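K.L.:
heads up, no residue letters with this:
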DNA sequence: GTATTAAATTTACAATGTAAAGATAATTGG
DNA sequence: CCAATTATCTTTACATTGTAAATTTAATAC
């Protein structure tokens, strides 16, 4: 529990993850630098090596953390939402979009990589946890038996795709005609889109 | 029209763009290197500077080219599809997904950046051209008057979001439960999802 | 309290992006 | 047709980066 800058940081791993997110947010994925993260955390440039095998490992850990945070946010939103299944599902969908719009760089990191599944299982696991929030919400609307047919999976796929696509297009400034507006004005449109799928 | 390796390449700009795509595809966005592109094109590592101000400019030009190719593919698909408006729209939507799945790194480059709009207007322009294929297709289904109300824009937003989200989730290995199958097996599901939105 | 281990630093090096200066080919104007 | 100019590419140079190795310092274990 050291306060001053000392030889042993105490919690450098987490500090580096926080620093990496800052670095990512204000320098962008291209200009991102490991040495920059170390500087932000107040340690030498080689210190990260003791906690992350290389830059990629740090970024993947950050992505994994992003999924964990997204899962938490969705669950928190569902707790404050009305308990009926449709409202719960809408809460998750809107929360998903909200997260993407508010964390564009992190969101992109989380979904930008390819073929990293095997290598970083924590990332895989946390991603699946997020996914299961959605799946469970659909199950509560459609009934558990839905997933014995393929229709339940189609619902999940369509809902997830819709929310995800909107989130990325919005956060990437590809739909300025709608995303120039504050989020609370977008919310009814998002809800409407999601409901169109739920209500077939 | 020189064949042998000579001092003046003749068409280095295009050769570099082709090299950059190769480099991106088989090294990935992290390990991507400008010097690697130069080597692939068979020129010195400083040659690219005469055609692109920096690495970012090369990547943005590649993204712009990606949008141009996507637009072409969509229009080509629409020419072979049945002429009725719904089939035309479906062709564009399915083609969009197909492009994303077959060009995951390029697709990600095209949609991964942020705040580059002002700087690289060709990218902006080509992106809008792709977008207009979708908009026009929706207009032909709904009637031109649709865009005087907000409902037409909602259709566009929902369709685009759905296609885009599916494409990215699929190409990022986040939906293996469906994307492990060959594309022709996915096609009817994709069409079904798009139709669900078109048919309200 | 010493030995061992963990956590950080310092040093070193190869790879990269980019700038500057030089070399070579293409083009232009007479 | 030839000199001069311009465009295109190379060579050289340098700061930044990622990562490995050796070293130092603190924490832990016996």
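P.N.:
Sure, I can see it. Predicted model only: the values in this text are computed from it and were never measured. Residues are numbered from 1 along each chain as shown, chains lettered A, B, ... in the order given.
K.L.:
neighbouring contacts of stretch A:43-53?
P.N.:
Applying C-beta atoms under 8 Å, 6 or more residues apart in numbering or on different chains, the external contacts of stretch A:43-53 come out as A:9, A:12, A:13, A:16, A:34, A:35, A:37, A:38, A:39, A:41, A:58, A:61. Where C-beta positions appear, they are placed from N, C-alpha and C, glycine not excepted.
K.L.:
got the contact list for the fifth one?
P.N.:
For residue A:34, the set of contacting residues under the criterion of C-beta under 8 Å, 6+ apart consists of A:45, A:48, A:55, A:58.
K.L.:
could you say which helix or strand contains the last one?
P.N.:
Assigning secondary structure by DSSP states H and E places residue A:58 in helix A:55-80.
K.L.:
Can you give the distance of that helix from its chain's centre?
P.N.:
Taking C-alpha atoms, centre = their mean, to the nearest Å, one finds helix A:55-80 lying 5 Å from the centre of the chain it belongs to.
K.L.:
Now the next helix-or-strand element following that helix: buried residues?
P.N.:
Next along the chain after helix A:55-80, taking DSSP H and E as the criterion, comes helix A:85-102. Judged by neighbour count using 16 or more other C-beta atoms under 10 Å in any protein chain shown, the buried positions of helix A:85-102 are A:85, A:88-101.
K.L.:
And stretch A:108-126, by the same measure?
P.N.:
Residues A:108, A:109, A:110, A:111, A:112, A:113, A:116, A:120, A:123, A:124, A:126 are the ones in stretch A:108-126 that count as buried (16+ other C-beta under 10 Å).
K.L.:
Is any residue of that stretch near DNA strand D?
P.N.:
No - in terms of C-beta under 7 Å from any atom of the strand, no part of stretch A:108-126 sits within range of DNA strand D; the closest distance is 13.3 Å.
K.L.:
Report the contact partners of the residue nearest to residue A:57 when sequence neighbours are not counted.
P.N.:
Spatial nearest neighbour of residue A:57, excluding adjacent residues (C-beta to C-beta, 6 or more residues apart in numbering or on different chains): residue A:120 at 7.3 Å. For residue A:120, the contacting residues are A:57, A:60, A:61, A:64, by C-beta under 8 Å, 6+ apart.
K.L.:
Could you rerun that using 10 Å?
P.N.:
By C-beta atoms under 10 Å, 6 or more residues apart in numbering or on different chains, residue A:120 lies in contact with A:56, A:57, A:59, A:60, A:61, A:63, A:64, A:113, A:126.
K.L.:
Give me the distance between it and DNA strand C.
P.N.:
Distance of residue A:120 to DNA strand C, given as C-beta to the nearest atom of the strand, to the nearest Å: 20 Å.
K.L.:
circling back: show me the contacts of stretch A:43-53 that map onto helices.
P.N.:
Those of those mapping onto helices are A:12, A:13, A:16, A:34, A:35, A:37, A:38, A:39, A:41, A:58, A:61, per DSSP state H.
K.L.:
Kindly provide the distance from the fifth one to DNA strand C.
P.N.:
Spelled out, that is residue A:35. Applying C-beta to the nearest atom of the strand to residue A:35 and DNA strand C gives a distance of 9 Å.
K.L.:
which parts of stretch A:41-53 are buried?
P.N.:
Neighbour-count burial for stretch A:41-53 [16+ other C-beta under 10 Å]: A:41, A:43, A:47, A:48, A:51, A:52.
K.L.:
Reformat those residues as CSV; add secondary structure, distance to residue A:153 and pLDDT.
P.N.:
Shown next, in CSV, are these (DSSP: H, G, I helix; E, B strand; the rest coil; distance: C-beta to C-beta, whole Å; pLDDT from 0 to 100):
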residue, secondary structure, distance to residue A:153, pLDDT
A:41, helix, 43, 96
A:43, coil, 46, 96
A:47, helix, 45, 96
A:48, helix, 40, 96
A:51, coil, 39, 95
A:52, coil, 36, 96
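K.L.:
Residue A:99 contacts residue A:70, doesn't it?
P.N.:
Yes - counting by C-beta atoms under 10 Å, residue A:99 touches residue A:70, with 5.2 Å between them.
K.L.:
list residues touching both of these two?
P.N.:
Applying C-beta under 10 Å, 6+ apart, one finds that residue A:99 and residue A:70 are jointly contacted by A:106, A:107, A:110, A:130.
K.L.:
now, which of the residues you listed sits nearest DNA strand D?
P.N.:
Lowest distance from DNA strand D to these (C-beta to the nearest atom of the strand) belongs to residue A:106, with 17.4 Å.
K.L.:
what angle separates the helix holding residue A:58 from helix A:85-102?
P.N.:
Put simply, helix A:55-80 runs at 140 degrees to helix A:85-102, going by axes from the mean of the first three to the mean of the last three C-alpha atoms, to 10 degrees.
K.L.:
What residues sit buried inside helix A:55-80?
P.N.:
Buried positions in helix A:55-80, judged by neighbour count with 16+ other C-beta under 10 Å: A:55-56, A:58-71, A:73-74, A:77-78.
K.L.:
same thing with stretch A:166-180?
P.N.:
Residues of stretch A:166-180 classed as buried: A:166, A:167, A:168, A:169, A:170, A:171, A:172, A:173, A:174, A:175, A:178, A:179 (neighbour count, 16+ other C-beta under 10 Å).
K.L.:
Quick one: end-to-end length of that stretch, please.
P.N.:
13 Å (C-alpha to C-alpha, to the nearest Å).
K.L.:
now that stretch: mean pLDDT?
P.N.:
The pLDDT scores in stretch A:166-180 average 91.
K.L.:
what about that stretch, near chain B?
P.N.:
Yes - contact of stretch A:166-180 with chain B (C-beta under 10 Å from any C-beta of the partner chain) involves A:166-179.
K.L.:
As CSV, the residues you listed with distance to DNA strand D would be great.
P.N.:
CSV is the format used below for the residues of stretch A:166-180 next to chain B (distance: C-beta to the nearest atom of the strand, whole Å):
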residue, distance to DNA strand D
A:166, 32
A:167, 27
A:168, 25
A:169, 29
A:170, 29
A:171, 24
A:172, 24
A:173, 26
A:174, 28
A:175, 32
A:176, 32
A:177, 37
A:178, 36
A:179, 31
